[in-house]
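Student: Fold the following, please.
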Amino acid sequence: MFAAALLATGCTSKSTVKTPGIDLSNLDTTVACGDDFYDYACGGWMKKNPLKPEYARFGSFDQLRENNREQIRLLFEELGKQKAEPGSIAQKIGDLYNMGLDSVRLNEEGASPIAEELSRIQSLSGKEAISAMIGEMHRTTSAPFFAIYVDADAKNSTMNIAGWYQAGMNMGDRDYYIADDEANSKIRDSYRNYIQKIFTLSGYSAESAAQAAATVLKVETEIAKAAFTREELRDPQAGYNVMTIDELKRQFGGLDWDIYFNTVDLGIGYLTLGEATPALSGGEAQRLKLASEIGKVQDGSIFIFDEPSIGLHPLDVETLLRVFDTLINQKATIIVIEHDLDVIRNSDYIIDMGPEGGQLGGEIIATGTVEEIKQNKNSKIGKYL
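Tutor: The predicted structure follows:
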C-alpha cells in the first residue's frame, strides 16, 4: 500500500499546497536574536495573542486545546438539542451535558450525590481499609497520594510495566506548598479557605471544616516535601526506579499492597516488575496487557485470551474473573481458550472441543450455556461442572 501511494503521488499532475512548519509572523525580527532570543522567537506570537487574565500561559498547544474545547462544546450543544434514539451514545452525551448545565438542580442537590462516598471515607479505620479505598479510587475516579499506570518500560519497549507517578498535590506544583515567600503564603491561605468552603458545602460544621482543611493542607505539604522539583522531573534517569513487588512492600509499608492490588484489579502482584516479556509465561504476558486496558472504554472491543489462568493461585483466578467482569460491564466481548473450571463455570457460552487432545481433537462436540453443557452427554467437561 505504501508503494502504491508513492506511485499515485508521482503520477498526479495537480499542484501540492505546502504548509510551512514555521509561521514567520510569530517571530519578532525587530529584536536581535543574540540580544533576546525569546522575544525574537516568540514576540510576534505574544503580540497577536496577548495573555488573558484566566491564563498563566498561552502557547500554540493551549490554542489547540481551546479550539478543541470549542468544537466539543458546539457538538455537545447540538446533541443536547436533538431528540436522539434512547440508549444511543448521542442521547447519553446530550443528557450528561444538559445535566452539567442544570445549575438549579446542582444547587438543590448540593453534595447529596456523593454523601454515601463521603460517609465511607469518614468511617475508614486501619491500613487495610485505607488501602482498599485508595485502590478503589485509583480504579474508578482519581489519584489520591500517587498515580498508577501501565505503559511500555522506558528501557525495554518489548514489555509493559506498572508505573507510579507523584500526585496528590491539588495545587499542582510543590513550590506552592513549601516556598517561603509572601506570594506563596497568600496562595496557601487562599487554598486553605477554598478547601474549608468545600467541606462546609459538603455538610461539615464550621469547626470540622476548618480542621479538615488544615489536615488536607498538612498531608499535601508532606507529599510536596517528598516530590521532585520541576527540574528533577526532567531527568529520566532519576525517575526510573524499577523494583519488584516484594521490594515495594519492604520500602513502602504504609499500605497493605496485597489488598491494594486486589482492589485496583491490576492483577500483577505476582509479577517481578522489570522482567522482560519474553521471560514471562503466556498467561503472565496476557494479564499484564490486560492491566493496561482497565478503565478504558471498551464498547465494541473483543479480547481473545489463550489460557490466561496459567500459573495463578485459585484466589488470583477470582481476581482475573473480576477483571473480566469489569471489561464486560464496559461492553467488551471476551473469548477465552481455557481448561480452568472456575473460568469455564463463569462463562456465558461454552464451545467444548474434542473428543481428545492434540491430533485426536479439533472437533466441536458440545455447545451451550453452563447448564446446557452439564446436561450434554457428548461433552467432556460437563460432568466436572
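Student: so where's the stretch 251-385 of the chain uncertain?
Tutor: Counting by pLDDT under 70, the stretch 251-385 of the chain shows low-confidence ranges at 265-297.
Student: where along it do the helices fall?
Tutor: In order along the chain, the stretch 251-385 of the chain carries the following helices (DSSP state H, counting those that start in this stretch): 257-264, 282-291, 314-329, 341-345, 370-375.
Student: For the longest one, buried residues please.
Tutor: Neighbour-count burial for helix 314-329, with 16 or more other CB atoms under 10 Å as criterion, is recorded at 316, 317, 319, 320, 321, 323, 324, 326, 327. Every C-beta, even on glycine, is put in place using the N, C-alpha and C of the backbone.
Student: Just the mean pLDDT for the helix or strand containing residue 214, thanks.
Tutor: Applying DSSP states H and E as the criterion places residue 214 in helix 206-226. Mean pLDDT, helix 206-226: 95.
Student: Tell me which other helices or strands that helix touches.
Tutor: The contact analysis (3 or more CB pairs under 8 Å, 6 or more residues apart in numbering; DSSP states H and E) places helix 206-226 against helix 175-178, helix 182-201.
Student: Buried residues of the first one, list them for me.
Tutor: Under the neighbour-count criterion of 16+ other CB under 10 Å, helix 175-178 has 176, 177 buried.
Student: And the last one, by the same measure?
Tutor: The neighbour-count check on helix 182-201 (16+ other CB under 10 Å) flags 184, 187, 188, 191, 195, 196, 199, 200 as buried.
Student: Need the residues that contact it.
Tutor: Contact partners of helix 182-201, identified using CB atoms under 8 Å, 6 or more residues apart in numbering, comprise 110-111, 170-171, 175-177, 206, 208-210, 212-214, 216-217.
Student: 7 Å - rerun?
Tutor: For helix 182-201, the external contacting residues (CB atoms under 7 Å, 6 or more residues apart in numbering) are 110-111, 171, 175-177, 206, 209-210, 212-213, 216-217.
Student: Also the shortest one?
Tutor: By CB under 7 Å, 6+ apart, the residues outside helix 175-178 that reach it are 169, 171, 184, 187, 188, 220, 221, 224, 225.
Student: which of these sit farthest apart?
Tutor: Within those, two members stand farthest from each other by CB to CB: 187 and 225, at 16.7 Å.
Student: if we can go back for a sec, mind checking which of the helices and strands packed on helix 206-226 is nearest residue 344?
Tutor: Across the helices and strands packed on helix 206-226, residue 344 has its closest neighbour in helix 182-201 (48.8 Å, CB to CB).
Student: now the angle between helix 206-226 and the closest one, please.
Tutor: Angular relation of helix 182-201 and helix 206-226 on a 0 to 180 degree scale: 140 degrees, by axes from the mean of the first three to the mean of the last three CA atoms, to 10 degrees.
Student: How far does helix 182-201 sit from its chain's centre?
Tutor: 28 Å (CA atoms, centre = their mean, to the nearest Å).
Student: quick one: average confidence on that helix?
Tutor: Mean pLDDT, helix 182-201: 95.
Student: what do you get for stretch 22-37?
Tutor: Rounded mean pLDDT across stretch 22-37 is 92.
Student: swap in stretch 149-168?
Tutor: Taken as a whole, stretch 149-168 has a mean pLDDT of 83.
Student: swap in stretch 68-86?
Tutor: In this model, stretch 68-86 carries a mean pLDDT of 87.
Student: any idea how far that stretch is from the chain center?
Tutor: Relative to its chain's centre, stretch 68-86 lies at 25 Å (CA atoms, centre = their mean).
Student: Pull out the buried residues from that stretch.
Tutor: For stretch 68-86, the buried set under the neighbour-count rule, 16+ other CB under 10 Å, comprises 76, 79, 80, 84.
Student: same thing with stretch 216-228?
Tutor: By 16+ other CB under 10 Å, the buried positions in stretch 216-228 come out as 216, 217, 220, 223, 224, 227.
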